[in-house]
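S.K.: all I have is the shape, not the residue letters:
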């Protein structure tokens, strides 16, 4: 009989009874298995055959399988999507198909055959598959294409069916090959876990037995089994480096083409028929199967799912990459160029399939976004042809550029219908300032695809770059003014044409998915370049006015041709009134004014000192950017690769109070890049830097709002450079701005949150200690300029040189050789040596730290009368920099770069077998932290001794102690903390840390108890400080219970310790209850006291038998019963409370609570009541703000999409003529404008009705 879905030609249907009752030829069985292990994509038959094997001989399921299965099975309604990111060659497609095979009884499983199919047609067939017979959820596997539009089409199609929603109609399994994997989605990497390694090793032995002749060519399996070993791949590909192997010229060319295509385009292949035709042009009936064995074993042939022509590809992406690399190395990069030409001219000339067209398009135009870098200008292939591994001479660079042009022209000949190819050629010419050819090919692209606004955009970009180029010549050549106006007019016309196309695109183009804004954006860019470049300089302005009035005969007040010729009055630009400036009284902010330094005469010595200090390693000053702006374009400061992306993110913010986060590794130039952005955007924003990160959020919010509303409303761009927590500040600013009831035509505030971190989060714009190829060229050119400009000072430009050498450890070691040179060290006084050691220690462990120059001088003068930091002898002095903070203040001192601090630390430590760190820490604490301690220094020392790095222990968990404490020898750690307690008696964290150190490292419970009690009076309202005493008692109790069998005399002591533990945790609970009132800096409710109470109860329960046996018939029994009598009721209250907190909320939007909290509560409840902890009662519990303050509240039940309105940053909805204000989680505050109609998901949390996923209707 015909089965469900057999007529759906766009889908390859996997039936529940696939292959059942069929007799399969043993030869086909073997061929199917061998081909799979060699590297061919899996067939459904592979999984059927696997199912017949014993459990120990089954296909391996990689680690992502269970999580992916759970995600699919957890989908409850509608049209859902689960995404699986996997590195090419890591087994992602196999894993996805394993899932479909295993779930074929629960779902109607199918694979989308052709990813280029029309979304609406696919949606119709998928919906038909869902509704055939009784509705049953479809599990649809989709590979690599853009899935959002398909999902939307499916949802629209399903809505027509009006089916019930008891289960999801469709679950899309979106399987995406990508080299750089997003950590939020399920991932599969080219790296085996320990468990997978064991499984693959066992499988290898099975395959050797089953396929003794074939297993050596099982490259697909062997590469994975060797944990994706590059050595295995190199050995397998050694044929490429062997000139003696027998292969026809056509065979060699075909293999090169295959390697090129597979290496650059994941999932690509060639048709066997096309390969055979290519080979037969050399030798009559030669086919791909006749290529001699030295090479043939590296290729696989296979049929696609759903049937079709035989495909051919390399056995694994790593083999393609290695083959490409080896063949390229034999021909100094000419091989890639030659192979690309052969591929385009001979394998893409006749009967070109849609698949091959897509592969070539990706090969030549797809611009992969690399982690930590902005999107490159061209595809990786074009970049590799244009910039070879060995940097060429200027003459040969031109040759490489001509190769790129030649390849793109070949592609245009082969694919004349593809507009993106001449568009890419135009962009290539435009980047190389060949504007005539750029214009020619941009127009050619428009001719091919006349309705595409994105294609039309390129012509506008060509004219705009021409305009910018000519504007740079204008000061020295005013005669080109008419030419400039013509280019500006051409640019406006081109962008207007693009805008018109964008307006009509939705109806004129079937593949339209988004509105093209680039025309409007380009129009504005051209206007800005034309008008503001001229009007910011009075001399140019006068020339333009003269040209307008004498040549164009246009008076200054005419409204003719306003796009090109309306110019602000010269009088307004030439006369500047000196008045108090906006924001001068705002003491928490360092305001960067639009006219900073204009009209000032700056001493040449100050100019030089500012530049020299910056290149030596001091933080940038605003004066650096002003001086830089006076330089020629070729001599400007380098903007690192993250600049444009970060700028784009800032400019894209349209309303409300938004935040852009910028993570950067210490010493990578992150602060410089952020300040460059503020300087360049100072005309468009009111720019400011928060001076003191410890300032009260509400006070900062007040001043920022005042800056926003001063005079005419203008968006504030606020830079935070001190790593502080930004959510509460953002919330305070929203609340303050909402009081002003302003209109919302632009954002009120954009916060640029600049965060130093060693391990950078991939989701945010990042800056690493690693230069791109383009940056390397720029830094090398800058080096030559600085050598010429500062010949005497250049050798000490450590800040610049470390970056220019791509953060070379070799450079740092050679710069720091003084630390290992006894002769040079003798030239430095003992105090000078101690000071440099303290500076290295502080800067090496605490990013952004410094010491005041005044304090350093006082330290030095205790040895030699008037000695100052400037008098430290040269062997060490050049490694330090002095600087003033932004906004003014006392002079500061630090090492020139974090890498120098770290290296100095290592070198001095190596001379003293670990004692150096201990000695230096003691000097720092006892002599540099004794008098007149500043707030920043207090913060630095606190971080130095108590900040626990999540990554220090290598397991992604928080370390028990700070990195400094862990690096000091165990016997010395307590002494350092005692020094800190003497120097900072007001900081409770130091005795608390000492208590924890004695507890966990030394198991010295009595002294741990002493210091825990010392910490409490210092900060008596802090429940987290109080927690430590309870932990000490609890661990002491555990220790004593272990002794009980051998020493029953300690029973009384055990009961006392248990009672003390309960009392300590009860005290902590009481403090936590009132902390929101008693502590201004309290942001969250502390549940550790309740959890600790339950842990103590569990500890007693686990020793219940031995306790009661020992206590029986003793006078202590009554004490024990008194202690435990009330425990069941006490435990019920605490366990239920913890369950309520953890089920209705989580730590934050991105963080979850430790699993043990709920597990411990459930165990304890079960132990003392005999019952499982009951589920929460239906309905919403009473909400108390103090318990949930900064926690992210989890929605209860399903969402409902409703309409509403935002007024003054608050969300309202109306039901039954009654308007209700809804809650908004802190993480969504940035989505709010001041006013507007919205739709949103209405959900219920413990606090009440809450709006999620807010979208404005305009």
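M.R.: Everything's here; your move. Note that the coordinates shown come from a computational prediction; the quantities given were computed from them, not determined experimentally.

S.K.: okay, CA-based contacts and neighbour counts for the rest of this
M.R.: OK.

S.K.: where in the stretch 551-700 of the chain is pLDDT low?
M.R.: Residues of the stretch 551-700 of the chain meeting the criterion pLDDT under 70: 551-580.

S.K.: again, only using 50
M.R.: Counting by pLDDT under 50, the stretch 551-700 of the chain has low-confidence residues at 551-579.

S.K.: please enumerate the helices of it.
M.R.: Per DSSP state H, counting those that start in this stretch, the stretch 551-700 of the chain carries helices over the ranges 562-565, 570-574, 604-616, 622-629, 642-651, 670-680, 697-709.

S.K.: residue 637 and residue 766: what is the separation?
M.R.: Shown here: residue 637 relative to residue 766, a distance of 19 Å by C-alpha to C-alpha, to the nearest Å.

S.K.: check residue 207 too.
M.R.: Noted for residue 207: a distance of 45 Å to residue 766, by C-alpha to C-alpha.

S.K.: ok, now residue 442?
M.R.: Counting by C-alpha to C-alpha - residue 442 and residue 766 are separated by 33 Å.

S.K.: closest to residue 301 out of the helices of the stretch 551-700 of the chain?
M.R.: Nearest to residue 301 among these is helix 642-651 (42.3 Å), distances taken as C-alpha to C-alpha.

S.K.: ranges for the helices of the stretch 1151-1258 of the chain?
M.R.: Remark: helices assigned in the stretch 1151-1258 of the chain by DSSP H, counting those that start in this stretch are 1156-1169, 1185-1188.

S.K.: report how many residues lie close to residue 940.
M.R.: Using other C-alpha atoms under 10 Å, residue 940 has 20 other residues around it.

S.K.: now swap in the one 3 residues further on and tell me
M.R.: Using other C-alpha under 10 Å, the number of residues around residue 943 comes to 19.

S.K.: so it belongs to a strand, correct?
M.R.: No. Using DSSP: H, G, I helix; E, B strand; the rest coil, the assignment for residue 943 is helix, not a strand.

S.K.: distance between the ends of stretch 348-359?
M.R.: OK, stretch 348-359 end separation, C-alpha to C-alpha: 11 Å.

S.K.: tell me the buried residues in that stretch?
M.R.: Buried residues in stretch 348-359, counted by 16 or more other C-alpha atoms under 10 Å: 348, 355-356, 359.

S.K.: report the mean per-residue pLDDT for that stretch.
M.R.: Stretch 348-359 carries an average pLDDT of 86.

S.K.: show me the contact partners of that stretch.
M.R.: Residues outside stretch 348-359 that contact it (C-alpha atoms under 8 Å, 6 or more residues apart in numbering): 261, 265, 268-270, 414-415.

S.K.: same thing but at 7 Å, please
M.R.: Contact partners of stretch 348-359, identified using C-alpha atoms under 7 Å, 6 or more residues apart in numbering, comprise 265, 268, 414.

S.K.: from the buried residues of stretch 348-359, which ones fall inside helices?
M.R.: Secondary structure from DSSP state H places 355-356, 359 of these in helices.

S.K.: could you export those as JSON lines, including distance to residue 236?
M.R.: Listed next are these as JSON lines, based on distance: C-alpha to C-alpha, whole Å:
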{"residue": "355", "distance to residue 236": "29"}
{"residue": "356", "distance to residue 236": "27"}
{"residue": "359", "distance to residue 236": "26"}
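
S.K.: which among the residues you listed gets closest to residue 323?
M.R.: The closest of those to residue 323 turns out to be residue 359 (C-alpha to C-alpha; 18.9 Å).

S.K.: separation between that closest one and residue 975?
M.R.: Separation of residue 359 from residue 975 (C-alpha to C-alpha) stands at 66 Å.

S.K.: repeat for residue 674
M.R.: Counting by C-alpha to C-alpha, the gap from residue 674 to residue 975 is 41 Å.

S.K.: before we move on, what about residue 267?
M.R.: In terms of C-alpha to C-alpha, residue 267 sits 61 Å off from residue 975.
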